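1. Mind looking at a prediction? Sequence and model below.
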Amino acid sequence: MEHWLWIILPALFFECKGADRVTQPTGDVIAAEGDTVTLDCTFETTRANPTLFWYKQEVNNFPKYMLKCFSNTVENAADFEKDRFNAAIINKSVPLKIQKLQLSDSAVYYCALQPTVTGNTKTLYKNLWSKDNTILHNIH
């Protein structure tokens with residue numbers, strides 16, 4: 001039986017400071033289990049060596065740190081293996097590549113430019129959801 005995954009790309013336009021900003025295209029990415037997808041994220045910054053992050057937010061949960069990119073380095077969180085989740089800064093973009101898709105990959109994905117929100121994650125959760133993001137559930 002083939003399973004389909006829904007990955008949501010929220011309409012994001014985060015401004016960090018001054019001319020710094022991150023932009024993700026809107027829309028859903030629909031792919032089959034086992035496929036590979038690339039999620040786009042572009043940014044503008046005045047920093048010479050920017051640091052960018054990717055987060056995954058599952059239904060009814062807080063955003064979870066996945067990885068960070070800086071210079072030619074990528075550091076993955078323990079739950080996100082490098083053989084499945086990878087990103088690299090290419091000019092003014094930091095696309096996230098997810099390989100060997102699993103149903104558990106269905107989520108909303110966010111990229112962020114350092115400095116990111118720090119401190120109270122409950123406030124971050126509330127603010128992210130105040131934009132009325134729609135989450136689609138796994139389809140079996």
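-> Received the coordinates, thanks.

2. Out of the helices and strands in the chain, which is least certain?
-> Every helix and strand in the chain was compared by mean pLDDT, DSSP states H and E; the lowest is helix 121-129, with a mean of 41.

3. What count of nearby residues applies to Arg84?
-> Taking other C-beta atoms under 10 Å as the criterion, the count of residues near Arg84 is 15. From N, CA and C alone the C-beta is placed, and that goes for glycine too.

4. Can you point out the buried residues in stretch 88-97?
-> For stretch 88-97, the buried set under the neighbour-count rule, 16 or more other C-beta atoms under 10 Å, comprises 89, 94-96.

5. and which of those residues is nearest to Glu81?
-> For those, the closest approach to Glu81 (C-beta to C-beta) belongs to Leu96, at 13.6 Å.

6. residues in contact with that closest one?
-> Each residue near Leu96 by C-beta atoms under 8 Å, 6 or more residues apart in numbering is listed here: 38-39, 41, 54, 66-67, 85-87, 109, 111.

7. can we see that at 7 Å?
-> Counting by C-beta atoms under 7 Å, 6 or more residues apart in numbering, Leu96 makes contact with 38-39, 54, 87, 109.

8. Return the set of residues that bridge with it.
-> In this entry, Leu96 is beta-bridged to Leu39, Ala87, by DSSP bridges.

9. Can you check the pLDDT for it?
-> Leu96 is assigned a pLDDT of 97 by the prediction.

10. Specify which member of the contacts of Leu96 is nearest to Ser71.
-> Distance ranking of the contacts of Leu96 against Ser71, using C-beta to C-beta, places Ala87 first at 12.9 Å.

11. which residues touch that closest one?
-> 54, 67, 69, 74, 94-97.

12. could I get the residues you listed as CSV with distance to Val22?
-> Supplementary listing: the contacts of Ala87 in CSV, determined by distance: C-beta to C-beta, whole Å:
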residue, distance to Val22
Trp54, 11
Leu67, 15
Cys69, 12
Val74, 17
Val94, 9
Pro95, 13
Leu96, 12
Lys97, 18
